[in-house]
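In: Attaching a predicted model along with its sequence, questions to come.
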Amino acid sequence: MADLARICRRLTRYLHHGVCAVHGSNYKPKSSTEWIEKLIVFYALERCRDLVQEGDAPVWCHFTVGAMPADEAKAQVREVAERIRGFNMKDPEATTLSEYIVDFSFSTYNLKHLVGVEPMPPAGKFRLLLTAESEMDPRQQLVLDDFVKLLDIKSPVKIMIFQARDGDAREKLIRAFQDILGRHGRYDPENEPDWLFVGIPRYADWLGHVHDPTVLNRHVHVVVPGSNPAILQERPAWWAWQPLPGEE
């Protein structure tokens, strides 16, 4: 079983690392920052690879970076991407990786093994290990539209990432997550996968507070195991800006 608290701490720490990397580059995009936000989220998720591995089976990552803005200098965009990730992602001419069903996922083996393009090892089986959706739009309905994509997917860890809310807006969104789980026939209190709901700071706010991030609005919730109807409970201690002693 995956350590959900450790996944959350690793994820949130590398989210902050990504924002700090962009801040340190002094990069000023000429157009939308949406692609930068996607890189930060997906690369932070990618850092959790070893936390979901099962035995010796390889862990493959699936997500789509999307096209970089055409009006930006390619070298500068590339530098920002590598600052966020910390190591070379792929062929310099590539613009996307292979998204599979949802925005981001980890699996044992890859899709070529699954469809027979590459030989599957004798004892190998393709399985999803972690799935995630990310929606930074402040409109609640768009967040919920992405959330429902995770419901029918079989994976032991499911993560929903969205822009953090305050006050009534936060309560309304958390209640909506609970209600949707309760209405769905796949929700099984005794055998439900580990759910993680991560409300992250607005990118522009985060960029302006890299040196004092504790002032930023953020929240983490989980589904209480065995709760029926589903109950989401906040886990503020699971957000990490720095690694805990003994954790990478």
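Out: Good, I have the coordinates.
In: hey, let's count contacts and neighbours off CA atoms from now on
Out: Noted.
In: for the residue nearest in space to the middle of the chain, helix, strand, or coil?
Out: Closest residue to the average C-alpha location of the chain: residue 45 at 4.7 Å, with Cα atoms, centre = their mean. The three-state label given to residue 45 by DSSP: H, G, I helix; E, B strand; the rest coil is helix.
In: wouldn't it be in contact with residue 8 here?
Out: No. If you go by Cα atoms under 8 Å, residue 45 and residue 8 don't touch, sitting 9.3 Å apart.
In: Report whether residue 56 is found in a helix, as I expect.
Out: No. With three-state DSSP as the criterion, residue 56 is assigned coil and is not in a helix.
In: pLDDT at it, what is it?
Out: Listed pLDDT for residue 56 reads 86.
In: Could you check how many residues crowd around it?
Out: 7 (other Cα atoms under 10 Å).
In: just residue 7 next, same as before
Out: 21.
In: and what of residue 139?
Out: 10.
In: Quick one, grab the pLDDT at it.
Out: pLDDT, residue 139: 96.
In: if we can go back for a sec, tell me the contacts of the residue nearest to the centre of the chain?
Out: By Cα atoms under 8 Å, 6 or more residues apart in numbering, residue 45 lies in contact with residue 11.
In: residues near residue 23, how many?
Out: The number of residues packed around residue 23, counting by other Cα under 10 Å, is 17.
In: What are the buried residues along the strand or helix carrying it?
Out: In this structure, residue 23 sits in helix 4-25 according to DSSP states H and E. Neighbour-count burial for helix 4-25, counted by 16 or more other Cα atoms under 10 Å, picks out 4, 6-23.
In: Repeat that for stretch 235-248.
Out: In stretch 235-248, counting by 16+ other Cα under 10 Å, buried: 235, 238-241.
In: Ends of stretch 20-39, what's the gap?
Out: 13 Å (Cα to Cα, to the nearest Å).
In: How about that stretch, which residues are buried there?
Out: Applying a neighbour-count criterion of 16+ other Cα under 10 Å, one finds 20-23, 36-39 buried in stretch 20-39.
In: and these as CSV, adding pLDDT and distance to residue 155?
Out: Listed next are those as CSV, based on pLDDT from 0 to 100; distance: Cα to Cα, whole Å:
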residue, pLDDT, distance to residue 155
20, 90, 31
21, 86, 31
22, 86, 32
23, 85, 35
36, 83, 27
37, 88, 25
38, 86, 22
39, 86, 23
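In: Most widely separated two among the residues you listed?
Out: Pairwise distances across the buried residues of stretch 20-39 (Cα to Cα) peak at 15.6 Å, for the pair 23 and 38.
In: before we move on, back to that, ok, so of the buried residues of stretch 235-248, who is nearest residue 83?
Out: Comparing these against residue 83 with Cα to Cα places residue 241 closest, at 17.6 Å.
In: Please name the nearest non-neighbouring residue to the closest one.
Out: Residue nearest to residue 241 in three dimensions, not counting chain neighbours: residue 13, with 4.8 Å by Cα to Cα, 6 or more residues apart in numbering.
In: Test my guess that the one you found contacts residue 200.
Out: No. Contact criterion Cα under 8 Å: residue 13 and residue 200 do not qualify, at 11.5 Å.
In: Pull out the buried positions in the strand ranked longest in the chain.
Out: In the chain, with assignment by DSSP state E, the single longest strand is strand 127-135. The neighbour-count check on strand 127-135 (16+ other Cα under 10 Å) flags 127-135 as buried.
In: now swap in stretch 51-62 and tell me
Out: Within stretch 51-62, the residues that count as buried by 16+ other Cα under 10 Å are 52-53, 59-62.
In: What of stretch 147-161?
Out: Result for stretch 147-161 [16+ other Cα under 10 Å]: buried residues 147-148, 150-151, 154-161.
In: Going by contacts, tell me the helices and strands next to the helix or strand harbouring residue 197.
Out: Residue 197 belongs to strand 194-200 when assigned by DSSP H and E. If you count contacts as 3 or more Cα pairs under 8 Å, 6 or more residues apart in numbering; DSSP states H and E, strand 194-200 packs onto helix 4-25, strand 157-163, strand 219-223.
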